[in-house]
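Peer 1: Turn this into a model:
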Amino acid sequence: MTEQTVPPTSEAPQLTPEQAAQMQQEWVREQFQKANKFLAEKGVIPGKVLTDQSRYLVPYVAVWKMESSQPKKKQFWVISGDLPTDYVPADVAPSAREAIKHFSLTWQLKAENLIQTGAVKDPTQAKFANMLVSRAQSLYQMQQDEKLWGEQQAQA
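Peer 2: Model (predicted):
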């Protein structure tokens, strides 16, 4: 997925290219901070981002390939945006596109497990399960959309 932005709607005020670029940069920075914080909360000390392998679609999703600095150097895919922040070891997917597919399938399974175990009786869990299903479906559609990935993925 190349860096892309959703075109403004007719109801939204028109932004100058500079304002739009600044908003994109701020969103990307927020998602990067969100991903770093999430990893730190999970006990993973972020070291560096492999920017050439990371992808984002402003304002929906960012997929970061990150390397931990401690306790051992390991690589992870971290997803953030208008969805739950999550991470997996980088060896589950060779590219950001495949990482999105992995998150999609994993979230479908998590939601199904919540439903099967009866945990969705709790309104909070029901809302979470529904959100997981919704976001998983959206991720899967993004992963399937060739227009979002361009020629770069043809090499992968």
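
Peer 1: Show me what the spatially most central residue of the chain is bridged to.
Peer 2: The centre of the chain sits closest to residue 79, judged by CA atoms, centre = their mean, with a distance of 2.9 Å. In this entry, residue 79 is beta-bridged to residue 63, residue 86, by DSSP bridges.

Peer 1: quick one: average confidence on the helix or strand containing residue 142?
Peer 2: Here residue 142, judged by DSSP states H and E, is contained in helix 123-144. Averaged across helix 123-144, pLDDT comes to 90.

Peer 1: got the buried residues for it?
Peer 2: The neighbour-count check on helix 123-144 (16 or more other CB atoms under 10 Å) flags 125, 128-129, 132-133, 135-136, 138-140, 142-143 as buried. In short, each C-beta sits where N, CA and C put it, glycine included.

Peer 1: what does stretch 40-54 give?
Peer 2: Buried residues in stretch 40-54 (16+ other CB under 10 Å): 44, 46, 49, 53-54.

Peer 1: After the helix holding residue 142, which helix or strand is next?
Peer 2: Assigned by DSSP H and E, the successor of helix 123-144 is helix 146-149.

Peer 1: ok, the buried residues of stretch 40-54 vs residue 17, which is closest?
Peer 2: For the buried residues of stretch 40-54, the residue nearest residue 17 by CB to CB is residue 54; the value is 23.2 Å.

Peer 1: Do you know the pLDDT at the nearest residue to that closest one once chain neighbours are set aside?
Peer 2: Nearest residue to residue 54, sequence neighbours excluded (CB to CB, 6 or more residues apart in numbering): residue 64, at 4.6 Å. If you check residue 64, the pLDDT there is 96.

Peer 1: Based on its surroundings, how many neighbours for residue 64?
Peer 2: Residue 64 has 27 neighbours, counted by other CB atoms under 10 Å.
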